[in-house]
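A.B. asks: Structure for this input, please:
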Amino acid sequence: MQFVNGLHFRNLRGDVFGGLTAAIVALPLALAFGVSSGAGAIHGLYGAIFVGLFAALFGGTPSQISGPTGPMTVVMTTVFTALVAKNPENGLAMAFTVVMLGGIFQILFGVLRLGKYITLMPYTVISGFMSGIGVIILLLQIGPFFGHPSSGNVVESVSNFPTFVANPHYAATGLAILTLVIMFGSPRKLSRLIPSPLLALIVCTLISVVFFPDLPDSELRRIGEIPTGLPKLQLPVFDFRQLKEMLGYGLMLATLGAIDSLLTSMVADNITRTQHDSDRELIGQGIGNTIAGLFGGLPGAGATMRTVINVKAGGQTPLSGMIHALVLLEVVLGAGSLTEKIPHAVLAGILIKVGIDIIDWSFLKRAHQVSLKAAALMYLVLFMTVFVDLITAVAVGVFIANLLTVKNLSELQINQIKEITAPDDGENSLSYEEKQLLKQARGRIFLFRLGGPMSFGAAKGISQRMGMVEKYDVLILDLSDVPLLGVTASLAIETMVKEARDKRRDVFIVGATGRVNQRLEKLKILQLLPAQNRVSDRIEALEQATALITGEQSHINSALAQENPIEVNSAAASLDQTKR
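C.D. replies: Residues are numbered from 1 along each chain as shown. Model prediction:
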């Protein structure tokens, strides 16, 4: 296994250009996410550097660019607000400890090989929480858009909306509007040379410096001076009274970062026609986030827009991600003074565009046409993401989606259960010989056919047919087309067999092989039947069952022919007892 997944130097020119282009796009976003989180612009850059470098170095998606993203920043905003409010002195350090915990959880996800399961969730849930995150970003930028301080949470931002609109700071609002115009209206050819976020950042910052140089901070808020040089080590800080809360936030970051990164990895696979290593990617992201937390950086994940730009610019190997991080490091080391004049309103405009892009407009427009249940689930997850929290939203969404899936699968499984008592009941699936045998039995055989995987959902269908058993003399359970038998369905079969035996009916089990046979043996269901009643072929079971029935009838007929009333009564009583 390569130490760095997919690393080679045959695409050096493409990787260098891709890394430079990705860094240019990442710079304004890192600054914006840093300011939006409440930690500060420099912490966004630190996150882009450390997550970007180490996720590329140790990750499993060669062309992926990692760094702070909208979803991760939304969670970190909540973390900073909650921990700093309760611990004014150590809250910031505790928040970065949460970032480290999130990274450690991600490493565990990778080590436990959970990568293939993390994105195994319904699209309605993914669409709902991603759109919810987009809405959160939009709502949190209402204040900065109108020149006011950013609100700490969505409810506060929404409640202050009338105040923001009634009292705008016109210079800030004008710059935010101009930022959006550039972001949405920049010609495609120009965007290839200068990405629209960077173009908006440069143009609007220059306008603010030239035309509004003396406006007070209360009217036009700017980033201000940010530290230059390498970051200081941030050792973990715990408050055991809030340890449970910190672990919860860490798990939330880890889960969201894993989903965000692996979804981006799938996008990269589609573009590059390659296959990423999910578990290795989680370990790389975890290492990046752990180190980012140690040096005061925001948590990050695979960034879809930056990854796509990197690939289109020529980046193919982890070298492009490392170059992107090193370019940002150069900005931190020597060009920090160039960023201090950037207005918050400009960053708000950039983030509003990010929020709009995150919202899954395509699915929102047609969700109700696909399925009303799917649409309702998506909107529920969206609402809970915005007004409750992300983990609860995803957990509830996945739970409800699984219930709906189980219901649909149960209906399909129940439809695969067939009861055949006459030659014409088999829906043309019976052979001519099988139909003749059923015809000879004269409706006294109950052929019970199961098909497809039988999980706990099918148990209900099996139980519903139990009352029919006593009406027939022989029960044949046909499992020939069952590849998988769940415990609950197995126990339902056991109950049916026991009831039939208690009523002195003959029971045959047909076609139990492989895993199905192992399950029946472990539950000791096969031991309930004589060896000759466990057969591999349905015709053999029908022949034995028909022979039993016709043999009893022949005994009665023989007694009648001999006019022996004692034998007639004995045979009839025996047959009647068997039927009962």
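
A.B. asks: Who are the packing partners of whichever strand or helix holds residue 43?
C.D. replies: Assigned by DSSP states H and E, residue 43 belongs to helix 41-58. Packing partners of helix 41-58 (3 or more C-beta pairs under 8 Å, 6 or more residues apart in numbering; DSSP states H and E): helix 12-37, strand 66-67, helix 278-294, helix 318-334. Where C-beta positions appear, they are placed from N, C-alpha and C, glycine not excepted.

A.B. asks: list the contacts for residue 228?
C.D. replies: Taking C-beta atoms under 8 Å, 6 or more residues apart in numbering, we find residue 228 in contact with 332-334, 336-337.

A.B. asks: now do residue 351
C.D. replies: 32-33, 36, 70, 137, 141.

A.B. asks: returning to what we had before: give me the angle between the helix holding residue 43 and helix 318-334.
C.D. replies: Angle of helix 41-58 versus helix 318-334, following axes from the mean of the first three to the mean of the last three C-alpha atoms, to 10 degrees, is 150 degrees.

A.B. asks: Also compute the angle for helix 41-58 relative to helix 12-37, please.
C.D. replies: 140 degrees.

A.B. asks: May I see the buried residues of helix 41-58?
C.D. replies: Buried residues in helix 41-58, counted by 16 or more other C-beta atoms under 10 Å: 41-58.

A.B. asks: How about stretch 450-468?
C.D. replies: Residues 450-459, 461-462 are the ones in stretch 450-468 that count as buried (16+ other C-beta under 10 Å).

A.B. asks: Compute the first-to-last residue distance for that stretch.
C.D. replies: 16 Å (C-alpha to C-alpha, to the nearest Å).

A.B. asks: got a list of contacts for that stretch?
C.D. replies: Contacts of stretch 450-468 (C-beta under 8 Å, 6+ apart): 406-407, 409-414, 416-419, 446, 448, 477-479, 481-489, 491-493, 495-496, 499.

A.B. asks: Quick one: mean pLDDT over it.
C.D. replies: Mean pLDDT, stretch 450-468: 83.

A.B. asks: ok, residue 39 touching residue 76?
C.D. replies: Yes: at 7.4 Å, residue 39 and residue 76 qualify as touching, with contact defined as C-beta atoms under 8 Å.

A.B. asks: so what sits against both of the two?
C.D. replies: With C-beta under 8 Å, 6+ apart as the test, residue 39 and residue 76 both reach 95, 298.

A.B. asks: and those two? which has more neighbours close in?
C.D. replies: residue 76 (29 against 25; other C-beta atoms under 10 Å).

A.B. asks: just to confirm, which helix or strand has that one in it?
C.D. replies: Using DSSP H and E, residue 76 falls in helix 70-86.

A.B. asks: just residue 419 next, same as before
C.D. replies: If you go by DSSP H and E, residue 419 is part of strand 418-420.

A.B. asks: now the contacts of stretch 450-468: which count as buried?
C.D. replies: Buried, going by 16+ other C-beta under 10 Å: 410, 413-414, 416-418, 446, 448, 477-479, 482, 485-486, 488-489, 491-493, 496, 499, out of these.

A.B. asks: from those, which ones fall inside strands?
C.D. replies: Judged by DSSP state E, strands contain the following of the buried ones among the contacts of stretch 450-468: 418, 446, 448, 477-479.

A.B. asks: Could I get the residues you listed in a markdown table, plus columns for distance to residue 375?
C.D. replies: Listed next are these as a markdown table, based on distance: C-beta to C-beta, whole Å:
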| residue | distance to residue 375 |
| --- | --- |
| 418 | 35 |
| 446 | 44 |
| 448 | 39 |
| 477 | 41 |
| 478 | 41 |
| 479 | 39 |
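
A.B. asks: Tell me which two of these sit farthest apart.
C.D. replies: Maximum pairwise distance among those (C-beta to C-beta): 14.9 Å, between 446 and 479.

A.B. asks: what is the mean pLDDT for the longest helix seen in the chain?
C.D. replies: Taking DSSP state H as the assignment, the helix of the chain that covers the most residues is helix 243-272. For helix 243-272, mean pLDDT is 91.

A.B. asks: Ok, stretch 519-537 next?
C.D. replies: 91.

A.B. asks: Mind listing what's buried along that stretch?
C.D. replies: Those would be 519-520, 523, 525-526, 528-529, 533-535, for stretch 519-537 by 16+ other C-beta under 10 Å.

A.B. asks: Looking at those residues, which are in strands?
C.D. replies: If you go by DSSP E, those have 534-535 in strands.

A.B. asks: Taking the buried residues of stretch 519-537 together, which two end up most distant?
C.D. replies: 523 and 535 (19.2 Å).

A.B. asks: you'd agree residue 450 is in a helix?
C.D. replies: No: with DSSP: H, G, I helix; E, B strand; the rest coil as the criterion, residue 450 is located in strand rather than a helix.

A.B. asks: Spatially nearest residue to it, not counting backbone neighbours?
C.D. replies: residue 482 (5.1 Å; C-beta to C-beta, 6 or more residues apart in numbering).

A.B. asks: and what of residue 132?
C.D. replies: Nearest to residue 132 is residue 385, by C-beta to C-beta, 6+ apart, at 2.7 Å.

A.B. asks: which ones are touching residue 393?
C.D. replies: Per C-beta under 8 Å, 6+ apart, neighbours of residue 393: 128-129, 132, 381-382, 384-385.

A.B. asks: The same query, at a cut-off of 10 Å, please.
C.D. replies: 125, 128-129, 132-133, 380-387 (C-beta atoms under 10 Å, 6 or more residues apart in numbering).

A.B. asks: Please identify the helix or strand for it.
C.D. replies: With DSSP H and E as the criterion, residue 393 is inside helix 390-415.

A.B. asks: now that helix against strand 445-451, angle please.
C.D. replies: Angle, helix 390-415 to strand 445-451, by the same axes, to 10 degrees: 150 degrees.

A.B. asks: before we move on, back to that, identify all contacting residues around the helix or strand that the strand holding residue 419 is followed by.
C.D. replies: Where DSSP H and E defines the elements, the next helix or strand beyond strand 418-420 is helix 432-441. Outside helix 432-441, the residues within contact range by C-beta under 10 Å, 6+ apart are 420-426, 428, 430-431, 444-445, 447, 472-474, 538-539, 541-550.

A.B. asks: Show me where the stretch 101-250 of the chain dips below the pLDDT cut-off.
C.D. replies: Applying pLDDT under 70 to the stretch 101-250 of the chain flags the ranges 152.

A.B. asks: Tell me where it has helices.
C.D. replies: 115-118, 123-140, 142-145, 154-159, 161-166, 170-185, 188-193, 196-211, 243-272 (DSSP state H, counting those that start in this stretch).
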